[in-house]
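Student: from the sequence below, what's the structure:
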Amino acid sequence: MARDAVTKVYLSSDHAGLELRLAVAAHLQAAGLAVEDLGPADNESVDYPDYGAKLARAMENDPKARGIAVCGSGIGISIAVNRFPWVRAALVSDATAARLCREHNDANVLALGQRLTGTAVALDCVDTFMATAFEGGRHASRVGKLSTLADGLGT
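Tutor: Just a heads-up that it's a prediction; the model follows:
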C-alpha cells in the first residue's frame, strides 16, 4: 500500500458503521499507517452528522491527512463531512470508484456504507484509495473550482 506522503488517516463512523470502521482501522494499522480513530467506542446509537463533523474538524489543519467515514449506507456521513470546505469526500462501493475519486477529484475522505459494502470489497477500496495519487493536470482546475462554488465563482 503506497503512502503518498499521507501523515495520518482519521476514521469516524456512526453506530451503524462501527464494525467496518474497526476492520478498516486494524487493516491500516497492520499496513503501518498512523491511524486516529475518532469513534464511537461502541454501537450505542449516535448521530452521523456529529461524527462526520468530528472527522472534518480533525483534518482541517492537516492537508496531507486522509479520512475514512462510515455509516450504514455511507450517504449520510458523506453529506455531513462534505459540509466542510477542506473536505472532498467520495462515497464509493468498488475499487474503480476509489481510484477515480483520487485520480480525478483529489478526494481526501473515503466514505463507505457498512450495510451496502462487504468488508473484503471495502478493504479493497481503502487500499486503492490510499495507493492512488491525484493526477493533477486538467483535473487540478476542476478540483480548484470546488472550493469556490459557494462564492459564486464557478460557472
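
Student: what about stretch 102-121, average pLDDT?
Tutor: For stretch 102-121, mean pLDDT is 97.

Student: can you give me phi and psi for residue 123?
Tutor: Backbone torsions of residue 123, given as degrees, to the nearest 10, read phi -70, psi -30.

Student: ugh, wrong one, I meant residue 124
Tutor: Per degrees, to the nearest 10, the backbone of residue 124 is at phi -60, psi -40.

Student: just residue 90 next, same as before
Tutor: Residue torsions, per degrees, to the nearest 10, at residue 90 are phi -130, psi 130.

Student: show the contacting residues for it.
Tutor: 78, 97, 98, 101, 105, 107, 109, 110, 111 (C-beta atoms under 8 Å, 6 or more residues apart in numbering). (Each C-beta comes from the backbone N, C-alpha and C, glycine too.)

Student: just give me how far stretch 85-102 sits from the chain centre.
Tutor: Its chain's average C-alpha position is 7 Å from that of stretch 85-102, according to C-alpha atoms, centre = their mean, to the nearest Å.

Student: for that stretch, buried residues please.
Tutor: Buried residues in stretch 85-102, defined by neighbour count with 16 or more other C-beta atoms under 10 Å: 87-93, 95, 97-102.
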